[in-house]
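>>> Predicted model, plus sequence, below.
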Amino acid sequence: QVQLVESGGGLVQAGDSLTLSCAASGRTFSLYTVAWFRRAPGEERQFVAAINYIRTYHADSVKGRFTISRDNAKNTVYLQMNSLKPEDTAVYYCAAAKGNAVPVTDNGRYDYWGQGTQVTVSS
């Protein structure tokens with residue numbers, strides 16, 4: 001069983017930066033694919049970024065602005081968000097799947113989810 005806890009959300013202005021953290025329990029977390037999804041009000045959950053033990057993935061809408069990374073020693077995955085836009089406003093969720101989840105964009109591939117952290121970007 002893996003438990004995920006997100007942190008780092010908040011209210012910022014357009015152009016600002018935020019770093020989200022996803023802290024996980026479990027001794028083999030380094031073998032998990034971990035992703036960030038987001039859900040804006042009235043919209044479906046949307047893939048943002050993912051990382052496994054081979055590479056990283058970023059949605060086109062955030063490429064060049066967001067960066068996913070992980071620190072396996074701390075069992076933590078980060079989402080560095082730069083140049084934030086009002087359309088980035090959403091609840092951001094961390095998700096994990098054991099092994100190499102394919103495709104990483106499919107939220108059905110993930111077995112564990114955090115409670116979410118709110119990110120609000122004002123114009």
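Here it is on my side, so go on. Residues are numbered from 1 along each chain as shown.
>>> beta partners for the most centrally placed residue in the chain?
For the chain, the residue nearest the mean C-alpha position is residue 36 (2.2 Å; CA atoms, centre = their mean). Beta-bridge partners recorded for residue 36 (DSSP bridges): residue 49, residue 94.
>>> give me every residue that touches it.
20, 22, 48-50, 68, 77, 79, 92-95 (CB atoms under 8 Å, 6 or more residues apart in numbering). Yep, even glycine has a C-beta here, placed from its N, CA and C like the rest.
>>> rerun at 10 Å
Counting by CB atoms under 10 Å, 6 or more residues apart in numbering, residue 36 touches 6, 20, 22, 46-51, 58-59, 62, 66, 68, 77-79, 81, 92-95, 114.
>>> Restricted to helices, list these.
Under the assignment DSSP state H, the contacts of residue 36 contribute nothing to helices.
>>> hang on, residue 46 packs against residue 105?
Yes. Residue 46 is within contact range of residue 105, at 9.2 Å (criterion: CB atoms under 10 Å).
>>> what residues are shared contacts of the two?
37, 59.
>>> now the residue nearest to the centre of the chain: how far from residue 123?
23 Å (CB to CB, to the nearest Å).
>>> re the thing from before, just the contacts of residue 36: which are in strands?
6, 20, 22, 46-51, 58, 66, 68, 77-79, 81, 92-95 (DSSP state E).
>>> Filter the residues you listed down to the buried ones.
Buried members of these, counted by 16 or more other CB atoms under 10 Å: 6, 20, 22, 46-51, 58, 66, 68, 77-79, 81, 92-95.
>>> Just the pLDDT at residue 102, thanks.
We have a pLDDT of 84 for residue 102.
>>> what's the neighbour count on it?
11 (other CB atoms under 10 Å).
>>> can you give me phi and psi for it?
Main-chain torsions, residue 102, degrees, to the nearest 10: phi -130, psi 130.
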